[in-house]
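[1] Here is my input; please provide its structure:
(2 chains)
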Amino acid sequence: MPESASYRFDDAQEGQAASFEAEISKQSVTAFAALSGDHSPIHTDEVYASGTSFGGTVPHGMIAGALFSRLVGMHLPGRYCLYISQTLQFHRPLPFGGVRVKGIVTAKSEATRTLRISTSVEDAEGTVFVRGEAIVRMFQ
Amino acid sequence: MSKLTRIFASVLGVPEERVTPELSPENESAWDSLNAIILVTEIENAYAIRFTYDEAMGVKNFGDAMKLVESKGGNPNA
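    Numbers count the residues shown, from 1 in each chain, chains lettered A, B, ... in the order given. Below you'll find the predicted structure:
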């Protein structure tokens, strides 16, 4: 099992960043459809989706939510946090293929032991597909 | 309506008219432990101020939040 990052509250700083690359494949969509129960044909039916303005199936936008979960649980800040909230804005459909998931700490609250993390899913050129903001509470 | 009022109305999902100095977790069920955290972080961000744990825990109603913001140099009525 991959090792998660282990930043503690005192380690975290505004401006601290992390990123990783992920692959969104047809198998990802099949697995997400099975997990969520969202079998909408825009995600799962090539014949149907080819007749839409997308020209083919598109991944579930909420896969970005799963990638942000991986970001905070495994990379920034890692094992000592609990997800409090996550906003999502879908700027354009997620692509099939490689994406980069980024996070940067934008605020640190001593009063609540929380971090605000700006999150995004982008391509190699920096085109943003999904953006959001996570709030995580640190228990160490 | 003040910025502070708008923050409380938005986070708690209540009309701005509902946000009075007496608004508290005792009379507004949406002011739960999760929203209490979000309220503190939203206020800190909006006013560019920081609270200590004890200061945040001392907020028992909206009136307390107004006083706390004012004590940090913010204008709770703006």
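
[2] In chain A, which strand is the longest?
    strand A:97-109 (DSSP state E).

[3] need the contact list for the residue in chain A that chain B sits nearest to.
    Residue nearest to chain B within chain A (Cβ to the nearest Cβ): residue A:111, separated by 3.7 Å. Placement of C-beta: from N, CA and C, glycine included. When contacts are counted by Cβ atoms under 8 Å, 6 or more residues apart in numbering or on different chains, residue A:111 is found next to B:40, B:44, B:50-53, B:55-56.

[4] Give me the number of neighbouring residues for residue 64.
    Reading this off chain A. Counted with other Cβ atoms under 10 Å in any protein chain shown, the neighbours of residue A:64 add up to 26.

[5] that's the wrong chain, I wanted chain B
    Neighbour count of residue B:64, defined by other Cβ under 10 Å: 14.

[6] State the distance from it to chain A.
    Note on residue B:64: its distance to chain A, by Cβ to the nearest Cβ, to the nearest Å, is 13 Å.

[7] Now do the helices in the chain.
    Using chain A here. Here chain A has its helices, by DSSP state H, at A:26-36, A:41-44, A:46-50, A:63-70.

[8] Chain B is the one I meant
    Using DSSP H, helices in chain B cover B:3-12, B:33-47, B:53-57, B:62-71.
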